[in-house]
Each structure stands twice: as C-alpha cells, then as structure tokens.
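Asks: structural data only, the sequence is not supplied:
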C-alpha cells in the first residue's frame, strides 16, 4: 500500500508511520515545519514534505491518515477527498490496528507515556515481543516512539483528547488517573469523567482493567463483566519499587505499580518485571537529566504542562536535590505554558501550583500555540505576564522566550539545577546548554 500521513511530525502519527513502514508499505507524509522527528523519519526512508500542499497528495495513494489537528479545509485533506482516497484520522487508523492485535491501552491525564514504555520493556524482557506505540522517545526502542514486535501483542498510549480512545478495542486497559485536562474540548470535568467511563465500558468480558485506586476521579463500574485490579502507593510492592526505581517521584512509583499489575495478569514472573523496572532510565522529556558543560549545570528536560504534572516534577526534583544541608543546590525552572485556551481554563490551578512550588526560582515564558488547536478568542486574553502577576510570589518572574538563553547564562551559578518544562518547543533550550 501507498500511505500518506498529514501531520507526520506529531508524536503519535510518527509512530504509526513507522508501523506502516515496518509492514512493508510505501510511506510518505507532511508537516508544517521540519523537526527532530521528521528528520528521524526521513533517515528511516519515509518521504517527507515540509508544508501542507495539495500537490503532495497523488491519485496512486491507497490511504491518507491525518492528525486530529488537521481540519477539513487543509489543502491535502481536500485533495484526498476530491480524489476519492480513503481518509482516516490517527485515532481511526490506530483503532483498526487494535482490532488486529491483543491490545493493551494505557490511558489517563498523566503518566501515559512512562507507563506505556515500561509495559513495553517488561513484556520485551519476558520474551512476549510486543509492538509498542508510545507518545515519547524511548532509548531502548532505538530512541524511537515505536517498537516493532513479532507477536500479536500491541501496547499503545491512548489519549482522551477529542474522545480519541473510544476508537480503540483493547483487551487490557490501564487508567493512571483522571484529571481536569483538555477542557478546551470537554468544557467540563464531568464530561472528562464520562468519556473515561465510556472507554472502560469497552473492555470485553475476557478483558482486564488496571486502575489507580488512589485516584477518586476514576469512574467506578458497578458489576463489571471484566476482571480488574486497583493499585495503590500503600501496597506492599511500593517500598520495593521505590528502592529499585531510577526515575524519581511518587507518580513514577504509581506508574510502575500499574505495570506490575499488567505483567501479573499476563503471567510474567515478578523477578522479570522488577528487573526490567529497575533498569528503566526514563524517556524523552520525562525528567530527562542531562549534564551541561556550561557552569556544570544539571539540566532536567520535562514535558509537564498541567498543574498536577508540574507539582509532581518539581516535588521529585526537590526530593532528589534537597533544600537543606551542606549539599543544597539551587533549583530553577523555566516553564512554557501550553496553549492560550488551556492556560485560561487552568489559570487558577497554575497560580496555586507555582505559589506552593518547592523550588527556588521560576521563570514563566511566552505561551506556546499549537497549530489547529488554538482559538485565542476563547482564551479570556490570558498571558504569561498576567499569570506571573496573579501568582505574585518572590522568585517567580516572566521572561521572553527569545531572551532566555542570555538570562540563564547571566544568572545561573555553578552546579545549579535547571528544569526546562513544557509540552511545546521549549525543550530546544536544553540543547543550547
């Protein structure tokens, strides 16, 4: 088959592109700008177009897959429609794959990528050879967000945005947590809970639900037809996981507990699971630590962009680098808010989060806009400057994105810890040091 993917630089679509390539299909795709991901795909042999142009869509294509961010007025979408080519959104295309495999789907507001990666690594260590599609790059997968497996097991990250995961037909579902996320789409938290409930109800009678028993927002299903297991930080496995886990934070202990429940359901020996979990060193932009030659800084690149994710990351950083004693280090955080609308919806939560942050200095930079997902007219005129003014805490400042490099060089001292945080392009700042 000849398959073209619109928005191929996206973290989900790019993994699907690699899946198609691994199956021998002829794959091409476009994105608005070149990136690490498009360059990586190009090196793998995928034809990449930069810019969305009708000429990229030819009549010999068998399938066009598009990112959920692509709208019907996109020139490539319109051309595919005009030519009568089969068109699917990313969730629809991935949904078709879940019907062909024994699928394990990891959902939740936070922790999806880490939990998906860990499940993939544990099942690989157990010889189950899964195919994995995950929303981040994993070192053990060749620094890719895709692992090709030979078995009929598929492990996927299942996002709730746009109700995408309702297209999937998993046998095992993991719910890490339910939180006030994607309110630009869902509008109310009640709608978020409702869609998670509908997702859980898709589990077949031979299926299995793994859920975070510490999260009271996860819907309770009365008299379910499937088996289920709740995991909790109070469990007897928690101390052992805390002792062996290389990635810091209670949230990562919780993620690992979920992995353990999945492995046990698939009759993977605990000895294999604990060893694989102990060897896990994290993923791209999830508390990803780097040493800098500049002033011997410790750089932590992190994807956190929701208030609860930010709290988890900053708390983990403070635990790893204590605030007292002779070894005390100063922790700085550069945070790039993600989208005007979501910053508007979560404004008060961001204020509370940064007021309580257990670190020394916080720099909030300009809001990152996502192509195809932003309606500024509905964002209440929110800005980073307004957020900083509302936080009104010493040590929390606004600084323009294009001036951050100079500010860091001038103000940070030898041995400081610098957390570069956000889901946009702020991670590029880490590369400069």
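Replies: Arrived safely, thanks for sending. These numbers come from a predicted model, not from an experiment. Numbering: from 1, shown residues only.

Asks: rest of the way, CA atoms for contacts and neighbours
Replies: Noted.

Asks: can you give me the pLDDT of residue 295?
Replies: Reported pLDDT at residue 295 in the predicted model: 86.

Asks: helix/strand/coil for it?
Replies: Classification of residue 295 using DSSP: H, G, I helix; E, B strand; the rest coil returns coil.

Asks: tell me which residues touch residue 338, please.
Replies: 305, 367, 368, 369, 370, 422, 423, 424 (Cα atoms under 8 Å, 6 or more residues apart in numbering).

Asks: hang on, the fifth one packs against residue 337?
Replies: Right, residue 370. No: between residue 370 and residue 337 there is no contact under Cα atoms under 8 Å: 11.1 Å.

Asks: between those two, tell me which one has more neighbours.
Replies: Taking other Cα atoms under 10 Å, residue 370 and residue 337 do not tie; residue 337 has more neighbours (26 against 14).

Asks: tell me which residues of stretch 178-196 come out buried.
Replies: Neighbour-count burial for stretch 178-196, counted by 16 or more other Cα atoms under 10 Å, picks out 178, 179, 180, 181, 182, 183, 184, 186, 192, 193, 195, 196.

Asks: with adjacent residues omitted, what lies nearest to the fourth one?
Replies: Closest residue to residue 181 in three dimensions, ignoring its sequence neighbours and counting by Cα to Cα, 6 or more residues apart in numbering: residue 109, at 6.4 Å.

Asks: again with the last one
Replies: In space, and not counting its chain neighbours, residue 196 is closest to residue 219: 7.2 Å by Cα to Cα, 6+ apart.

Asks: so that neighbour: helix, strand or coil?
Replies: Per three-state DSSP, residue 219 ends up coil.

Asks: can you give me the domain boundaries for the protein?
Replies: 2-89, 101-279, 288-431 (automatic domain parsing).

Asks: between the ones you listed, which one is closest to residue 95.
Replies: In terms of Cα to Cα, the element of the domains of the chain nearest to residue 95 is domain 101-279, at 4.4 Å.

Asks: could you pull out the helices in the stretch 51-200 of the chain for me?
Replies: 75-83, 90-100, 112-125, 183-186, 189-200 (DSSP state H, counting those that start in this stretch).

Asks: mean pLDDT and distance to residue 133 added to those helices, as TSV?
Replies: Compiled in TSV, the helices of the stretch 51-200 of the chain are given as follows (pLDDT from 0 to 100; distance: least, Cα to Cα, whole Å):
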stretch	mean pLDDT	distance to residue 133
helix 75-83	97	24
helix 90-100	97	9
helix 112-125	96	8
helix 183-186	80	24
helix 189-200	95	19
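
Asks: so can I have CSV of those showing distance to residue 405?
Replies: Listed next are those as CSV, based on distance: least, Cα to Cα, whole Å:
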stretch, distance to residue 405
helix 75-83, 37
helix 90-100, 36
helix 112-125, 29
helix 183-186, 32
helix 189-200, 38
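
Asks: what's the spacing between stretch 336-348 and its chain's center?
Replies: 17 Å (Cα atoms, centre = their mean, to the nearest Å).

Asks: mind listing what's buried in that stretch?
Replies: 336, 337, 338, 339, 340, 341, 342, 343, 344, 345, 346, 347.

Asks: same question for stretch 256-273.
Replies: Quick answer for stretch 256-273 (16+ other Cα under 10 Å): 256, 257, 258, 259, 260, 261, 262, 263, 268, 272, 273.

Asks: tell me the mean pLDDT over it?
Replies: pLDDT averaged over stretch 256-273 gives 98.

Asks: what sits up against that stretch?
Replies: 115, 118-119, 122-123, 125-126, 172, 174, 176, 210-212, 229, 231-232, 237-238, 241, 277.

Asks: residue 264: what secondary structure?
Replies: Residue 264 - assigned by three-state DSSP - is helix.

Asks: and it, how far from residue 337?
Replies: 38 Å (Cα to Cα, to the nearest Å).

Asks: distance of residue 48 from residue 63?
Replies: 16 Å.

Asks: which one's more surrounded, these two?
Replies: Regarding residue 48 and residue 63, a neighbour count based on other Cα under 10 Å identifies residue 48 as having more, with 22 against 19.

Asks: doesn't that one lie inside a strand?
Replies: Yes: Residue 48 forms part of a strand when assessed by three-state DSSP.

Asks: got a list of what it touches?
Replies: 28, 29, 30, 31, 38, 41, 42.

Asks: residues near residue 368, how many?
Replies: 18.

Asks: next one: phi and psi at it?
Replies: phi -90, psi 130 (degrees, to the nearest 10).

Asks: so who does it touch?
Replies: 336, 337, 338, 339, 340, 424, 425.

Asks: go again using 10 Å as the cut-off
Replies: 336, 337, 338, 339, 340, 374, 401, 422, 423, 424, 425, 426 (Cα atoms under 10 Å, 6 or more residues apart in numbering).

Asks: for the fifth one, report the pLDDT, please.
Replies: The pLDDT attached to residue 340 in the predicted structure is 91.

Asks: so where's the chain shaky on pLDDT?
Replies: 323-328, 371-379 (pLDDT under 70).

Asks: surely residue 3 and residue 29 touch.
Replies: Yes: Residue 3 lies in contact with residue 29 (Cα atoms under 10 Å); the separation is 8.1 Å.

Asks: between those two, which has more neighbouring residues?
Replies: Taking other Cα under 10 Å, residue 3 and residue 29 do not tie; residue 29 has more neighbours (29 against 20).

Asks: partners of the helix or strand where the more buried one lies in the sheet?
Replies: Element membership of residue 29 [criterion: DSSP states H and E] is strand 26-31. The strands beside strand 26-31 in its sheet (DSSP bridges) come out as strand 2-6 (parallel), strand 47-50 (parallel).
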